[in-house]
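Enquirer: below are the sequence and a predicted model for it; my questions follow.
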Amino acid sequence: MLTPVRAMLLVAMSLSAASAPAAELPPEAQKQYEASVGKGIQFLAGSQAEDGSWTSQTGPAITALATEALLSHGRTPSDPVVSKALKYIVGFAKPDGGIYLEGSNHRNYETCLSVMCLTKANKDGRYDKLLAGADRFLKKLQWDGEEGHDTASMYYGGAGYGGSERPDLSNTSFLIDALKELGAGADDPAMQRALVFVSRCQNLETEYNTTEFAAKIDDGGFYYTVAAGGQSKAGDTPEGGLRSYGSMTYAGLKSMIFAGVDKDDPRVKAAYDWIQKHYTLDENPGMGAQGQFYYYQVFAKALGAIGVDKVETDGAAHDWRAELVAKLADAQRADGAWVNPNDRWLESDPNLVTAYCLMALSHVR
């Protein structure tokens, strides 16, 4: 008998397969894609620790991201590298349903990444019980009435790293990704609560966003968090506005699409307009080299989610897939790894950054 989570997963997989045609790459980009993926996978296979982990000080987090990347490029759960990694990740499962390092303040982050990995390895149902527990755990972590935050609260619907700190758009985006992989539809209450928070992190005054920051910039982009007085990693304007930046704008756009917001909705249109105005692969717009490889993977996932093949800018039509492939091919080291010279947010770690790049390339196809 199918469990409820297993049934939802099968429906989600069938819908995804039916609605996601393979992208065509130009011949040169196809060659670059195959070479980059092959070298990246070879690097991860060679950098795995004996216990199955990558960068073990992060608990299951980077290991889950690297394993998801391998699974997304055709490796199977029976592959020796993947099998060892899965065993390592499952070892972090807790009685409360979470999958995290004991004592961690990043329980949401680690559990979400683990869920996204394990759902890809669960075609035979081996992780049904574990994923059902993770589903309950993540929904309990989400800020809502149980934590004393009703819909008027700027915390409402959001998710943070998983400690006691305020929610943020990056972790709420991970939560939405995980809920989607667990089979939640757009009408799922947790998904709709998350959408409330996401909409409030957009620089756009609408019926969904009447916060003090909404009209101060009003450019349609997104920033880090509206909670706890608001924060943008790109800084503030003299008037107290929170500057929009690339990685959060793509995360916000993707999250709205996954939460069922229509492409003709003003929120989606404004976010995509910001993307057209700030389209680049030379940096994380508004942040420079900081978080640049995190930016690449959310860039690809968001543009894939909204279903555009070319991004129209002033006087140009960008084949974002081919341009991303070329950019990553140029940035890849001879050993197959990618590394960001700017080490903010752990991007000096080749395991993390190589996983990001392989995930970005998986969304190209």
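Expert: Structure received. All figures in this text were calculated on a predicted structure; none of them were measured in a lab. Residues are numbered from 1 along each chain as shown.

Enquirer: residue 39 contacts residue 332, doesn't it?
Expert: Yes: using C-beta atoms under 8 Å, residue 39 is in contact with residue 332, at 6.4 Å. Any C-beta I mention is one placed from the backbone N, CA and C, and that applies to glycine too.

Enquirer: how about the helices of the stretch 1-150 of the chain, start to end?
Expert: 4-19, 27-47, 61-72, 80-90, 107-120, 128-141 (DSSP state H, counting those that start in this stretch).

Enquirer: oops, could you answer that again for the stretch 151-300 of the chain instead?
Expert: Going by DSSP H, counting those that start in this stretch, the stretch 151-300 of the chain shows helices at 169-181, 189-200, 214-217, 246-258, 266-277, 292-306.

Enquirer: hey, least reliable of those by pLDDT?
Expert: Lowest mean pLDDT within the helices of the stretch 151-300 of the chain: helix 214-217, at a mean of 94.

Enquirer: got the CA positions of that one in PDB?
Expert: In PDB, the C-alpha atoms belonging to helix 214-217 read as follows (Å, rounded to 0.1, in the frame of the first residue of the first chain):
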ATOM      1  CA  ALA A 214       7.500  47.900  -0.200                       C
ATOM      2  CA  ALA A 215       7.400  51.400  -1.800                       C
ATOM      3  CA  LYS A 216      10.800  52.700  -0.900                       C
ATOM      4  CA  ILE A 217      12.500  51.100  -3.900                       C
END
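
Enquirer: identify the residues contacting it?
Expert: 200, 202-206, 237, 239-244 (C-beta atoms under 8 Å, 6 or more residues apart in numbering).

Enquirer: list just the nearest of those to residue 146.
Expert: residue 200 (19.4 Å; C-beta to C-beta).

Enquirer: burial check on that closest one, number of neighbours?
Expert: 24 (other C-beta atoms under 10 Å).

Enquirer: measure it to residue 166 for me?
Expert: 13 Å (C-beta to C-beta, to the nearest Å).

Enquirer: go on, residue 157?
Expert: Residue 157 is 12 Å from residue 166, by C-beta to C-beta.

Enquirer: joint contacts of the two?
Expert: Contacts common to residue 157 and residue 166, judged by C-beta under 8 Å, 6+ apart, are absent.

Enquirer: of these two, which one has the most company?
Expert: residue 157 (26 against 17).

Enquirer: can you pull the contacts of the more buried one?
Expert: 142-144, 167, 172, 192-198.

Enquirer: likewise for residue 60?
Expert: 88-89, 92, 99-101, 110, 113-114.

Enquirer: repeat that for residue 58.
Expert: Residue 58 neighbours (C-beta under 8 Å, 6+ apart): 101, 106, 110, 346.

Enquirer: hang on, the earlier thing: ok, so of the contacts of residue 60, who is nearest residue 326?
Expert: Looking across the contacts of residue 60 and measuring by C-beta to C-beta, the closest to residue 326 is residue 113, at 27.8 Å.
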